[in-house]
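> sequence and predicted structure below; questions after.
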Amino acid sequence: MSNTLYDFGMIGLGTMGRNLLLNLADHGFSVIGFDKDISKGATLEAAATAGTTVKGVSTLAEMVQQLKRPRKMMMLVPAGSVVDSVIEDLLPLLEKGDIVIDGGNSHFTDTLRRITYLQDKGIHFMGIGVSGGEQGARTGPSIMPGGDIAAWKEMKPLLEAVSAKVNDEPCVAYMGKGAAGHYVKMVHNGIEYAIMQLISEVYDILKYHVGLSNDELHTVFKTWNEGELQSFLIEITAEIFLKEDDLTKNRLVDMIYDKAGSKGTGKWTSQDAMNLPVSIPTIDAAVAMRTLSGFKDERTAAAALYKPTIKTITEGKEKIIQLAHDALYCAIIISYAQGLSMLHKASSELQMDIPLKDVVRIWRGGCIIRSSLLEIFTAAYKRDAMLANILLNKKVAAIVKKKQGNLRKFIQKSIAVKIPVTALSTALGYFDAYCRERMPTNLIQAQRDLFGAHTYQRTDKEGTFHTEW
């Protein structure tokens with residue numbers, strides 16, 4: 001066994017775990033990783049930059065014994081029972097004061113349970129959200145740690161070193177108490193679902209109604225990424241349209257089956273929003289559309305039965321492309337607004353004390369939903385850290401006022417040609433409802449009181465009332 005003592009250990013040497021370790025090593029930290037698959041340890045060592053200190057081992061005991069005290073280690077394993085299993089395997093090897101981190105996409109309630117369980121044993125447990133995919137893990141992700149303050153202080157130098165940087169600021173910050181790290185990451189992923197669905201709906205119109213080729217779609221999205229829509233998801237969408245399929249030599253995007261998978265974080269966001277409660281209909285719609293994509297046989301049967309025809313236009317393309325740009329920009333802002341309003345509510349309801357100004361700041365680099373919009377949001381939360389909804393910021397309001405007319409026109413055009421724009425429509429519906437001083441919910445309250453004596457409140461005096469209808 002080596003006499004070297006390592007700064008940090010990783011449990012799980014899949015692509016994310018391996019890349020994070022290599023990133024740490026490149027920043028001068030000595031690192032050691034464990035995986036039951038011995039070949040993954042060898043792959044880790046082979047990928048290390050010359051001159052860095054990187055080791056792969058095949059037992060947990062080997063890894064734990066070779067860590068400096070207090071020992072710092074992260075799990076990057078599948079969420080759920082696997083995390084609990086690893087914790088049980090670790091416990092006999094740990095000492096009081098050691099730090100164990102779950103860097104996967106665990107549900108925040110599981111993280112809370114594990115914090116309490118390990119706290120009683122003198123072990124610091126942290127849930128940390130990591131966003132950026134394989135490339136981000138290697139070159140600089142956005143990192144969302146929460147919970148144990150003592151553990152955060154120990155981990156801060158390592159996490160700041162490996163995180164993405166924007167204007168020399170590390171894209172990592174303390175996200176709040178308890179399971180705040182995993183909660184913020186969950187909502188991040190919900191927003192990610194929404195933006196991806198919005199982009200796909202715009203693509204649907206541009207390809208099948210406007211008739212743009214993949215080369216033209218590439219040009220449109222590349223141009224958009226050079227302006228106010230600049231973001232990681234727009235950037236990669238532009239690249240996707242150029243990728244050739246090795247098997248058929250067609251564009252790969254046209255050869256991919258129209259059935260989307262998911263890991264559950266979008267669904268969790270929707271479920272937990274209902275529990276708070278807070279309204280996030282565009283995220284809900286994105287989850288629902290992924291689910292509906294799975295009913296391929298039924299969709300095929302329905303298409304044969306109803307025979308929807310999509311009319312391709314031959315003129316006025318530039319006008320619709322501009323409508324699409326403004327509709328997408330407006331709806332993306334509204335999607336962020338929904339997710340951030342959820343974090344605002346959860347911060348107080350779940351006693352997490354989530355600093356929204358830091359959330360949007362660390363999302364500016366490294367993460368999947370990074371975009372130029374986050375600079376605007378960062379300024380908004382610096383001005384008012386307790387802003388309940390980003391739509392109440394005057395600068396954001398000025399943008400939405402300017403774009404919302406084209407969002408309406410784009411939705412109208414889409415509906416007219418039978419192309420579903422569920423996420424775009426819910427974004428507009430949420431915005432219109434949020435801006436209504438008086439909603440028609442008074443009628444719902446009357447109905448509830450009539451059939452169930454659920455009572456109602458009045459506009460002209462305080463109190464709760466019931467009527468014998």
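Yes, it's here.

> for the chain, name the helix or strand with the lowest mean pLDDT.
helix 133-139 (a mean of 89; mean pLDDT, DSSP states H and E).

> report the buried residues of that one.
For helix 133-139, the neighbour count (16 or more other Cβ atoms under 10 Å) marks Gly133, Gly136, Ala137, Arg138 as buried. (C-beta placed from N, C-alpha, C; glycine too.)

> now the strands for the stretch 151-300 of the chain?
Here the stretch 151-300 of the chain has its strands, by DSSP state E, counting those that start in this stretch, at 165-166, 169-170.

> dump these to a markdown table, plus mean neighbour count, distance to Gly261 and mean pLDDT.
Formatted as a markdown table, the strands of the stretch 151-300 of the chain follow (neighbours: other Cβ atoms under 10 Å; distance: least, Cβ to Cβ, whole Å; pLDDT from 0 to 100):
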| stretch | mean neighbour count | distance to Gly261 | mean pLDDT |
| --- | --- | --- | --- |
| strand 165-166 | 18 | 30 | 96 |
| strand 169-170 | 18 | 32 | 96 |
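
> can you tell which of the ones you listed is closest to Tyr336?
strand 165-166 (17.0 Å; Cβ to Cβ).

> show me which residues of stretch 252-260 are buried.
Leu252, Val253, Ala260.

> can I get the residues you listed in a markdown table with distance to Asp35?
Below are the buried residues of stretch 252-260 laid out as a markdown table (distance: Cβ to Cβ, whole Å):
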| residue | distance to Asp35 |
| --- | --- |
| Leu252 | 31 |
| Val253 | 34 |
| Ala260 | 29 |
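
> going by distance to Ile310, which of these wins?
Minimum separation from Ile310 among the buried residues of stretch 252-260 (Cβ to Cβ) is found for Val253, which lies at 17.9 Å.

> these two touch, right, the closest one and Phe241?
Yes: between Val253 and Phe241 there is a contact at 6.2 Å, judged by Cβ atoms under 8 Å.

> mutual contacts of those two, please.
Asn214 (Cβ atoms under 8 Å, 6 or more residues apart in numbering).

> tell me who's in contact with Asp84.
By Cβ under 8 Å, 6+ apart, the residues touching Asp84 are Arg114.

> what about Leu159, how many neighbours?
If you count neighbours by other Cβ atoms under 10 Å, Leu159 ends up with 22.

> for it, which non-adjacent residue is spatially closest?
Take Leu159 and drop its neighbours on the chain: the residue closest to it by Cβ to Cβ, 6 or more residues apart in numbering is Val172, 4.7 Å away.

> that older thread, got a markdown table for the strands of the stretch 151-300 of the chain, with distance to Ala385 too?
Shown next, in a markdown table, are the strands of the stretch 151-300 of the chain (distance: least, Cβ to Cβ, whole Å):
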| stretch | distance to Ala385 |
| --- | --- |
| strand 165-166 | 19 |
| strand 169-170 | 17 |
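
> tell me the one among the buried residues of stretch 252-260 nearest to Leu229.
Ranked by distance to Leu229 (Cβ to Cβ), those are led by Val253 at 19.3 Å.

> now that closest one: how far from Ser293?
Note on Val253: its distance to Ser293, by Cβ to Cβ, to the nearest Å, is 15 Å.

> what of Pro277?
Pro277 sits 27 Å away from Ser293, going by Cβ to Cβ.

> kindly report the same for Ile411.
20 Å.

> which of the two has more neighbours?
Higher neighbour count among Ile411 and Ser293: Ile411, with 20 against 16, using other Cβ under 10 Å.

> now do the contacts for the more buried one.
Counted by Cβ under 8 Å, 6+ apart, Ile411 has contacts Ala327, Val421, Leu424, Ser425, Leu428.

> max-length strand in the chain?
Looking across the chain with DSSP state E, the single longest strand is strand 124-131.

> list the helices and strands that one packs on?
Secondary-structure packing of strand 124-131 (3 or more Cβ pairs under 8 Å, 6 or more residues apart in numbering; DSSP states H and E): strand 99-102, helix 108-119, strand 142-147, helix 149-162, helix 180-208.

> among these, which is the most enclosed?
strand 142-147 (a mean of 29; mean count of other Cβ atoms under 10 Å).

> Ser341: neighbouring residues, count only.
Ser341 - counted by other Cβ under 10 Å - has 24 other residues nearby.

> again with Ser106
Using other Cβ under 10 Å, Ser106 is surrounded by 29 other residues.

> before we move on, what about Ala61?
13.

> pretty sure it contacts Leu94?
No: using Cβ under 8 Å, Ala61 is not in contact with Leu94, being 11.1 Å away.

> can you pull the contacts of Gln338?
Gln338 neighbours (Cβ under 8 Å, 6+ apart): Ile191, Ala194, Val278, Ser279, Ile280, Pro281, Thr282, Ile283, Tyr430.
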